[in-house]
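Peer 1: The sequence and its predicted three-dimensional model are supplied below.
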Amino acid sequence: MLKMSTLFLRTLRDDPADAEVASHRLLVRAGYVRRIAAGIYSWLPLGYITFRNIERVVREEMDAAGFQEVHFPSLLPREPYEKTNRWQEYGPDLFRLQDRKGGDYLLGPTHEEMFTLMVKGEYSSYKDLPLSLYQIQTKYRDEPRPRSGIIRGREFVMKDSYSFDLTDEGLSESYMKHRAAYVKTFDRLGLKYNIVSAMSGAMGGSRSEEFLAPCETGEDTYVLCEKCGYAANVEAMKTTVDPVDSSATPALQVVDTPNTPTIDTLVEVLNERFGGGFTGADTLKNILLVADGKTISVLVPGDREVDMKRLEANLPGVKEIRLFEDEDFAKNPALVKGYVGPQDAKNLGITLYADPRIALGTSWVTGANKQNCHALNVVNGRDFTVEKYIDAAEVKQGDACPDCAAPVVIDRAIEIGHIFQLGRKYAQALDLTVLDKDGKARVVTMGSYGIGVSRAVAAIAEQTYDEIGLCWPAEIAPAKVHIVATGKEDLPFDTAEEIATALENQGISVMLDDRRDASPGVKFKDAELIGNPIIVIVGKALVDGKVEIRVRRTGEKTEVALADAVSEVAKLLA
RNA sequence: CGGGGCGUAGCGUAGUGGCUAGCGCGCCUGCUUUGGGAGCAGGAGACCGGAGGUUCGAAUCCUCUCGCCCCGACCA
C-alpha cells in the first residue's frame, strides 16, 4: 500500500520549462521522472512502479511464448563489435570509453553480437534449434538530438529478443511467434497501435514490421489505408503504376522556355504558349545527387519533392548521399542547372533512377539540357532509359493504396516495437554455425525483436492523458485504486485505511492519501494528476454511511454504501 | 552539425535605464482552516551556469566557454 503521507513524491503545480510534449510535462509534474541530463532520466517511486508494471507485462508475455530470459552487461568490449564492423558503422551514436589500460569499451546500443556469441558458446547442433532468447536491458545511444522527454533518450530500457533457426522457414515461424507475442503484449498494455511494414534499414535482413502507437507527438510518419488496412512506414510505402502505350505520342520537341528554372515558372510559360492545360504533374523533375562519389539522377513528377529518407531507404548499400551543388555543375558543363533532362544521361554516365510514377511509355515535359530550353513529349523507354525504379517521391495524403487503390491517410506515431528477420549477417560475421543432419556446418539464421519499455511509459501516457493529468490503464497504473480521506476527524482516515486493507487483501493495489495536513482540493488535484483509474473518496458522504467512487477516465461519480465499497471497486476493475 | 530560444532558490519566474536580487509555488515555526491546489504572522533557502574582460561599481555591457529546449540534418 502506497501511503501519500510517506511516499517519496512532490507534485509540481507548474509545467516544467524544459518539457514540451504532454508525456514529459505530466510525468515530471506528477513526480514520476526527473531529468538528469539531455535524454537521461531518473525514475521516482511512482514512475518506477509504472515502469516495472510494463516490464512485468512484457516479461510475462515473452515467457508465455516460450522465450528465455538472459541478461548481458551494458559495458561491453570492442572486439565483437569490431568483427561485425559495427564499431565503425555505428559511428558517433556509440558511447565509447576506455579502461585504465587504454582498452576500448562501449555501452551497448543493442546486443546482436552478444546474443550470437552466447548461443555459439553453448550450442552446436541443429537439434538445439529453434531457440529464442531475450533480455530487458538498459541501452545507450548517443543520439544526435535526444528529444520529447523519455520518448527518445540516450539511455533507455529495451526488451530485445533474438531467434535462432536453421532454415528460412524456421525463421518465418519464429518471426510469427514473436509477432503474436507482441500483439498480446501491446493489447495488455492498453496501447492503440498499427502494425506497419517497414524497411529493415541499417540492420540488414528481409521482412520487417513496426508497431506504431499513433499520437500527435510521434516522430514516425506512416501511411494507412482505412479501406483495406494496408499500413506502411512512409519509407516502405510502395507505388505501382502500369506502363502505358506510347505509340501515338508525337516525337520529342525542343521548345524555347526562357527564364523557367523552376517547375512553377515552367508551367506558367507552357500555359501561355500552348493555351493552358499544363500542371506540375505533367513535368519531370530531375534531381541530381552524388551518391558515394557517383552522379545519379532521380526522376519524380514535377509536383512532388524527393523524400530523402525514402530515397536512402530504397538505395541500400549507398553510404553517403548529397545534393548536386553549383560547383558540381561547373565541372559538368553538359548539365544545365534548371534545365536538366534525362535524355543524355547514358552518354554522360549518369545512373537514372525513377519513381514508379514515371512508368514505361509515359510522356513528360522536361529540361532539354540547354539553357532556357525544355523538351516536350519525352517518353520513358523511347527517349531515355531508366536504370531502376525506386520509391523516392514524397508520399502525400490521398495517394493511392498499393493494395486497393483507395486514398491513404498519413499519420504520426511513436515506434514502440520493431520486429525483423535479420538473416545470417551476424551469424556469418561471428561464425555461429550448427551441425546439420548430414554432419555439415550450417550458418544459423536470426530474427531480432525489440520493445521500447521505457518508451512505452511515455507512449501510453501520450495516448491516455487528458486536461487534468495522467490517466493510466489499470494494468500499468501505480495503483489500481486511489483512496482519498478528507476531514479532520479520525473516522474518515480510519475508514479509508480499512477499505484500503480490504482491497489489498483481494489483490487490488491501493494508493492511500492519508495526509492530515493537505486540503481536500490538493488531494483531489493530486489524485487526478497521478492518474490511477479508480478514485475513492472517504469524507463528506460518510455521515450517510457512504463513500464516493469516481472513474478517472470518464469522470463518472457514484456514491455507494460503505459495506459495498470494496465489491463495487472490484466490479469496476473487472 | 545548421537555424532559433533560454540559463536568476527545489519548481515557475521578475529584474537587462549600472549601485542593498524581487515575487508565486513548495519548504520550516505558530495559530486558524479541511469537498476543489486554504488564511494570517514569522522564517530558512541564490557565490544570478562557468571563466575572463570593461568599469569606481556588473545578474545587467564585451569575449570565450559549458549546459538545456525547439526546428532541421541524423536516428533499431
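Peer 2: Here it is on my side, so go on.

Peer 1: contacting residues around the closest residue to RNA strand B within the stretch 251-400 of chain A?
Peer 2: In the stretch 251-400 of chain A, no residue comes nearer to RNA strand B than A:Met308, which is 5.0 Å away by CB to the nearest atom of the strand. Yep, even glycine has a C-beta here, placed from its N, CA and C like the rest. Neighbouring residues of A:Met308 by CB atoms under 8 Å, 6 or more residues apart in numbering: A:Ile321.

Peer 1: Wondering if stretch A:488-495 reaches RNA strand B at all.
Peer 2: Yes. For stretch A:488-495 and RNA strand B, the contact criterion (CB under 7 Å from any atom of the strand) is met by A:Lys488.

Peer 1: okay, that stretch in CSV with CA atoms only?
Peer 2: Taking C-alpha atoms only, stretch A:488-495 is exported to CSV below (Å, rounded to 0.1, in the frame of the first residue of the first chain):
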residue,chain,number,x,y,z
LYS,A,488,-10.4,16.5,10.3
GLU,A,489,-11.8,13.6,12.4
ASP,A,490,-10.1,10.2,12.7
LEU,A,491,-13.2,8.4,11.3
PRO,A,492,-12.6,9.0,7.5
PHE,A,493,-8.9,8.2,7.8
ASP,A,494,-9.6,5.0,9.7
THR,A,495,-12.3,4.0,7.3
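
Peer 1: what sits up against that stretch?
Peer 2: Applying CB under 8 Å, 6+ apart, the external contacts of stretch A:488-495 come out as A:Ala485, A:Thr486, A:Gly487, A:Asp514, A:Arg516, A:Val538, A:Gly539, A:Leu542, A:Val547, A:Leu562.

Peer 1: Need phi/psi at the residue of the stretch 301-450 of chain A found nearest RNA strand B.
Peer 2: In the stretch 301-450 of chain A, the residue that lies nearest RNA strand B is A:His418 (2.6 Å; CB to the nearest atom of the strand). Phi and psi for A:His418, reported as degrees, to the nearest 10, are phi -150, psi 130.

Peer 1: Also the one 3 residues further on?
Peer 2: Summarising the backbone geometry of A:Gln421 under the convention degrees, to the nearest 10, its torsions are phi -90, psi 110.

Peer 1: Provide a list of residues in contact with it.
Peer 2: A:Leu171, A:Ser172, A:Tyr175, A:Ser200, A:Gly205, A:Ser206, A:Arg207, A:Ser208, A:Thr445, A:Gly447.

Peer 1: May I see the residues you listed organised as JSON lines, with pLDDT and distance to A:Lys480 added?
Peer 2: Shown next, in JSON lines, are those (pLDDT from 0 to 100; distance: CB to CB, whole Å):
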{"residue": "A:Leu171", "pLDDT": "95", "distance to A:Lys480": "40"}
{"residue": "A:Ser172", "pLDDT": "94", "distance to A:Lys480": "40"}
{"residue": "A:Tyr175", "pLDDT": "95", "distance to A:Lys480": "35"}
{"residue": "A:Ser200", "pLDDT": "52", "distance to A:Lys480": "40"}
{"residue": "A:Gly205", "pLDDT": "54", "distance to A:Lys480": "41"}
{"residue": "A:Ser206", "pLDDT": "70", "distance to A:Lys480": "43"}
{"residue": "A:Arg207", "pLDDT": "83", "distance to A:Lys480": "39"}
{"residue": "A:Ser208", "pLDDT": "88", "distance to A:Lys480": "37"}
{"residue": "A:Thr445", "pLDDT": "96", "distance to A:Lys480": "43"}
{"residue": "A:Gly447", "pLDDT": "95", "distance to A:Lys480": "36"}
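
Peer 1: Sticking with the residue nearest the centre of chain A, tell me its helix or strand.
Peer 2: For chain A, the residue nearest the mean C-alpha position is A:Glu415 (2.1 Å; CA atoms, centre = their mean). Per DSSP states H and E: A:Glu415 is located in strand A:409-423.

Peer 1: how about that strand: buried residues?
Peer 2: By 16 or more other CB atoms under 10 Å, the buried positions in strand A:409-423 come out as A:Asp411, A:Ala413, A:Ile414, A:Glu415, A:Ile416, A:Gly417, A:His418, A:Ile419, A:Phe420, A:Gln421, A:Leu422, A:Gly423.

Peer 1: which residues of the stretch 101-250 of chain A score low on pLDDT?
Peer 2: Counting by pLDDT under 70, the stretch 101-250 of chain A contains low-confidence ranges at A:199-205.

Peer 1: Show me which residues of it are close to RNA strand B?
Peer 2: Near RNA strand B, when you scan the stretch 101-250 of chain A using CB under 7 Å from any atom of the strand, you find A:110, A:141, A:143-149, A:152, A:158, A:201-203, A:210, A:219.

Peer 1: Can you say which of the residues you listed are buried?
Peer 2: A:Thr110, A:Arg141, A:Pro146, A:Arg147, A:Ser148, A:Gly149, A:Arg152, A:Met158, A:Gly201, A:Met203, A:Glu210.
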